[in-house]
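Trainee: Here is my input; please provide its structure:
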Amino acid sequence: MLRLLGILVTLLVAIATAVVTWPQFFRLERTFPFAQVVSLRGVVVLAFLVLLAVALLLCLIRPMRAFAASLAVIALLGAVANAGVLTVRGLGTDTLPAKTASAVRVMTWNTAGAATDPQLVAKTAVAMQADIVSLPETTIETGEKVAIAMREMGRPMWAHHEEFDGWDANSTTLLISPDLGEYSVVESNAGGTTNTTTVPTVVAMPVDGSGPVVVGAHAIAPRRDDTAEWRADLTWLADQCAADSVIMAGDFNATVDNMGRLGVDGGTLGRCHDAAVATGNGAVGTWSAAYPSLLGTPIDHVMATDAWRATGSVVLRSLDGAGGDHRPLVVQLEPAG
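Mentor: Numbers count the residues shown, from 1 in each chain. Below you'll find the model as predicted:
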């Protein structure tokens, strides 16, 4: 009887390991709680290592040796598989290539409203030579302060925004350099029809039609009661990548795992490709800044269609403790042509 129980437990652990390692295979990547678990692969690796250590200790007990050895093998495979995924996506690079005349630098930073000083945001954006700055949870009043400060530092920006209720979490500001041309914001409304459902996304179109569509993205967090809205937000954001030239940046509240089956023509989300994964930072957590980066979750992204090629990226870990709970992500893009 105990042997059968051991086999059953081993089988269940093996299935659970497969599900949390690659929920996409089981079509569970956007299902609670698997969506949350797979977003924290670094923590999953640690959990498997703890299980491995416990199993090895249990191997010292003769009657449990076979059962414990089976658990140890499963835990080792789980740890190696998840660590392998993290390694392939990139454990972090700290520098960007030199900015060329044709390059566009994009920064996204969820500022958590008033928690982050606008002057600090402006100084960071100027230091990174950003041409596009996506600021979820930032009101237009704060965004204008950032733009004015950047102008005074010699890097003027146009400020665009979208808001649903007029408070920080329900506002998104998007700054675009005049060097990219004149932009206008697409009129939208809440409810998932012409925007994300609960927190707003800014869609800016080039007035003369010659530049990229620029999207300042913000999807609702996948809390249990908000899962349906979160799925709808990711689907809507994927649809924004339908044009040939799109640059989309912001807080997606989702990792690339959660975006499984939402890509088109080889894209990560719609026709957009994730720039951090392409440039060695795909495993670096942008949230929460309170935890080591490889134990966090990479939910802030810069994405672009095939009209653009990512040549470098950096997650600014030096700003942990700056006030907000997200890390800024900066990406350099070059025209693919």
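
Trainee: Now do the helices in this protein.
Mentor: 2-21, 34-38, 41-58, 65-89, 118-127, 140-152, 227-239, 275-278 (DSSP state H).

Trainee: Nearest approach to L316 belongs to which of those?
Mentor: helix 118-127 (6.9 Å; CB to CB). In short, each C-beta sits where N, CA and C put it, glycine included.

Trainee: thinking again about what came up before, nearest to G321, of the helices of the chain?
Mentor: The nearest among those, by CB to CB, is helix 118-127 at 11.2 Å.

Trainee: for the protein, what helix or strand is lowest in average pLDDT?
Mentor: One helix or strand of the chain scores below all others by mean pLDDT, DSSP states H and E: helix 2-21, with a mean of 89.

Trainee: So which elements touch that one?
Mentor: helix 34-38, helix 41-58, helix 65-89 (3 or more CB pairs under 8 Å, 6 or more residues apart in numbering; DSSP states H and E).

Trainee: Tell me the buried residues in stretch 44-55?
Mentor: Going by neighbour count (16 or more other CB atoms under 10 Å), the buried part of stretch 44-55 is V44, V45, A47, F48, L51, L52, A55.

Trainee: Surely the first one is in contact with F34?
Mentor: What it means is V44. No - if you go by CB atoms under 8 Å, V44 and F34 don't touch, sitting 11.1 Å apart.

Trainee: coming back round to it: is it possible to export the helices of the chain to TSV including distance to F252?
Mentor: Putting the helices of the chain into TSV (distance: least, CB to CB, whole Å) gives the following:
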stretch	distance to F252
helix 2-21	21
helix 34-38	12
helix 41-58	16
helix 65-89	15
helix 118-127	20
helix 140-152	20
helix 227-239	7
helix 275-278	12
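
Trainee: looking at these, which is buried most?
Mentor: helix 275-278 (a mean of 24; mean count of other CB atoms under 10 Å).

Trainee: Provide the contact partners of that helix at residue level.
Mentor: 89-90, 106, 256, 268, 282, 284, 298, 301-304, 310, 313, 315, 329, 331, 333 (CB atoms under 8 Å, 6 or more residues apart in numbering).

Trainee: 7 Å instead, please
Mentor: Outside helix 275-278, the residues within contact range by CB atoms under 7 Å, 6 or more residues apart in numbering are 89-90, 256, 282, 298, 301-304, 310, 313, 329, 331, 333.

Trainee: just stretch 56-69 next, same as before
Mentor: In contact with stretch 56-69 (CB under 7 Å, 6+ apart) are residues G6, T10, A55, A72.

Trainee: And it, end to end?
Mentor: 7 Å (CA to CA, to the nearest Å).

Trainee: next one: it to chain centre, how far?
Mentor: 41 Å (CA atoms, centre = their mean, to the nearest Å).

Trainee: any idea how far the closest residue in space to A14 that isn't next to it in sequence is from G92?
Mentor: In space, and not counting its chain neighbours, A14 is closest to I74: 5.3 Å by CB to CB, 6 or more residues apart in numbering. Going from I74 to G92 by CB to CB, to the nearest Å gives 29 Å.

Trainee: Next: A53.
Mentor: On the measure of CB to CB, A53 and G92 end up 26 Å apart.

Trainee: Quick check, pLDDT for the one residue sitting closest to the centre of the chain.
Mentor: In the chain, the centroid-proximal residue (CA atoms, centre = their mean) is I299; its distance is 2.5 Å. Here, the pLDDT recorded for I299 equals 98.

Trainee: Just give the number of residues close to the closest residue to E144 other than its chain neighbours.
Mentor: Nearest residue to E144, sequence neighbours excluded (CB to CB, 6+ apart): A159, at 5.2 Å. Per other CB atoms under 10 Å, the neighbour tally for A159 reads 21.

Trainee: my guess is A159 contacts E141, does it?
Mentor: No - contact criterion CB atoms under 7 Å: A159 and E141 do not qualify, at 9.8 Å.

Trainee: Does L135 have any beta-bridge partners, and if so which?
Mentor: T173 (DSSP bridges).

Trainee: Please name the residues that touch it.
Mentor: Going by CB under 7 Å, 6+ apart, the list of residues near L135 reads W109, T111, G143, T172, T173.

Trainee: And the pLDDT at it?
Mentor: 98.

Trainee: same deal with G192?
Mentor: pLDDT, G192: 54.

Trainee: Same question for M1.
Mentor: 63.

Trainee: Quick check: buried residues in stretch 243-258?
Mentor: Quick answer for stretch 243-258 (16+ other CB under 10 Å): 245-258.

Trainee: Now do D320: how many residues are near it, please.
Mentor: With other CB under 10 Å as criterion, D320 counts 15.

Trainee: before we move on, back to that, which of the contacts of helix 275-278 fall within strands?
Mentor: Per DSSP state E, strands hold the following members of these: H301, V302, M303, A304, A310, S313, L329, V331, L333.
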